[in-house]
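Novice: Sharing a sequence plus its predicted fold:
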Amino acid sequence: MIDKINKITERIESKIISYRRDFHRYPETGWSEFRTASLVAKRLKDLGYTVKAGREVLKEEDMMGLPSEEELEINWKRALTQGGDPFFMEALKGGFTGVVGILENGSGPVVAMRFDMDALDLAESESTDHRPTREGFASINKGVMHACGHDTHTAAGLGIAEILMELKEHIHGKVKLIFQPAEEGVRGAKAMVTAGVLDDVNFLLGHHISSKWKKGEISPGMGGYFATQKFDAIFKGQAAHAGAKPEEGKNALLSAATAVLNLYAIPEHSKGATRINVGKLTAGTGRNIICDRAHLLIETRGENDRVSDYVFKKAIEILNASAMMYDCRLEIKPMGSARSRESDKELAERVEKIAKEIGAFSFVTQKSEGGCEDITYMMAMVQQNGGLATNIGIGANLSEAIGKEVILRGHTPEFDIDEGSFKYTLKLLTAVAMDIFKGNG
């Protein structure tokens, strides 16, 4: 089976690289992946998959951090002019940019893989030292860039879809390929989970490329993800003349300032590390006007779900109390969230075993750095239902490809990857899935 997978991978590798470069050239941010998702859906349908998209795979109430209707409409029209598939784009209107491809053959386990699709609000480097600029596939969408590798993940998903379809006769069970919107800001996974996409899944495989690790290096079971809540706090007061009638004002700026000082005073928890950050405070209109509106951008994090829930609960208590002190009203807008989760050891060991059988892989240990990933919602659902889940780190450092030592870190204008890493991703994830079907779990 591994020989078959290797041969198909070698045959389609250049096609998958071209997919990646296309997605890289036309990046789209969270909930606006109209072109990307429509082309993914069309390709899956053309391969023979049953395709579900839009409202079929996303629960509207749990779609966090949506852009404005006006912005979504502008981005939808742009995607149409840039080659989005008109048929599938209708289903994606309003930000419903999730896609699931289903391949079923007989009875057996349900194996799901997740691929995130969104880009970042970041201007790509225009230097000719930057390979996408030099070779003509840098972003043409101003201020938007694939700087975290999700173009790579999406292209890999389409490659895996093609290999699995060629191996359909050997599949005994169901494949679900989940193309997720809005991972950045941890906004998209929960809405797919609550829509029921993961309800029947027995095995979940996720992956993320790493520009720190060399091509061929993998971490079979990443973990240590912090749980997080990202939210906006909006204080609404009453404007008044600061000199003539200050007593008639209700000062939203004072509410916000009081909240900020006390949020940073939340005690640490004995059961795990916590974080809180107010990243932005916007308030006021003029020096002689009592401020009637203040807007805070806040995130809390916790080493585990228990301490994350603790720090979030304390934060909300402080925000409510700060509003009451100055007779202001408070609105909380959820903007993103993720849980704390670990990869299952049993499935991670299976990934390592298959990697050794394929050969050319080496293994690294991923260190927890306080980061968050919303695949944890999907992992939690699968694990709670008695299944197994793992998120695999796959090396894609560019040094070997360009002949000098570099680490082009994610979320920077210079980010790029070694496209030679594709074959490692395609071979490994496909081989693990086929091993599961061979053993019926």
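Specialist: That came through, no problem. Numbering: from 1, shown residues only.
Novice: Okay, helices next: where are they in this protein?
Specialist: 2-25, 34-47, 69-81, 86-92, 131-134, 150-166, 189-194, 252-263, 305-325, 345-358, 375-384, 399-402, 422-438 (DSSP state H).
Novice: domains of this protein?
Specialist: 2-225+341-438, 227-338 (automatic domain parsing).
Novice: Of these, flag the one that's most buried.
Specialist: Ranked by mean neighbour count under mean count of other CB atoms under 10 Å, those are led by domain 2-225+341-438, which reaches a mean of 20. C-beta: built from backbone N, CA, C; applies to glycine.
Novice: average model confidence for that domain?
Specialist: The pLDDT scores in domain 2-225+341-438 average 96.
Novice: what does stretch 257-272 give?
Specialist: The model assigns stretch 257-272 a mean pLDDT of 97.
Novice: Can you tell me what sits against it?
Specialist: If you take CB atoms under 8 Å, 6 or more residues apart in numbering as the criterion, stretch 257-272 is touched by 233, 235, 274, 276, 278, 281, 296, 298, 302-304, 306-307, 310-311, 314-315, 318-319, 321-323, 325-326.
Novice: mind listing what the most centrally placed residue in the chain touches?
Specialist: Taking CA atoms, centre = their mean, the centroid of the chain lies closest to residue 183, which sits 2.0 Å from it. Applying CB under 8 Å, 6+ apart to residue 183 gives the contacts 30, 116, 117, 118, 150, 189, 373, 374, 375.
Novice: could you dump those to JSON lines with distance to residue 330?
Specialist: Formatted as JSON lines, those follow (distance: CB to CB, whole Å):
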{"residue": "30", "distance to residue 330": "26"}
{"residue": "116", "distance to residue 330": "32"}
{"residue": "117", "distance to residue 330": "34"}
{"residue": "118", "distance to residue 330": "30"}
{"residue": "150", "distance to residue 330": "34"}
{"residue": "189", "distance to residue 330": "27"}
{"residue": "373", "distance to residue 330": "29"}
{"residue": "374", "distance to residue 330": "26"}
{"residue": "375", "distance to residue 330": "31"}
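Novice: which residues touch stretch 273-288?
Specialist: Identification of contacts with stretch 273-288 by CB under 8 Å, 6+ apart yields 226, 235, 239, 241-243, 252-253, 256-257, 260, 263-264, 266, 268, 291-303, 307-308, 310-311, 315, 370.
Novice: CA atoms of that stretch as PDB?
Specialist: Taking Å, rounded to 0.1, in the frame of the first residue of the first chain, the C-alpha atoms of stretch 273-288 are listed here in PDB:
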ATOM      1  CA  ALA A 273      -0.700  28.900  34.100                       C
ATOM      2  CA  THR A 274      -3.100  31.700  32.900                       C
ATOM      3  CA  ARG A 275      -2.700  34.700  30.700                       C
ATOM      4  CA  ILE A 276      -4.800  37.900  30.100                       C
ATOM      5  CA  ASN A 277      -4.200  40.700  27.700                       C
ATOM      6  CA  VAL A 278      -6.000  43.800  26.700                       C
ATOM      7  CA  GLY A 279      -4.600  44.400  23.300                       C
ATOM      8  CA  LYS A 280      -6.400  47.600  22.400                       C
ATOM      9  CA  LEU A 281      -8.500  50.300  24.100                       C
ATOM     10  CA  THR A 282     -10.400  52.800  22.000                       C
ATOM     11  CA  ALA A 283     -12.500  55.500  23.600                       C
ATOM     12  CA  GLY A 284     -13.600  59.100  23.400                       C
ATOM     13  CA  THR A 285     -14.300  61.800  20.800                       C
ATOM     14  CA  GLY A 286     -12.900  65.100  22.300                       C
ATOM     15  CA  ARG A 287     -11.200  66.700  25.300                       C
ATOM     16  CA  ASN A 288     -14.300  68.500  26.500                       C
END
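Novice: Many thanks, I have nothing further to ask.
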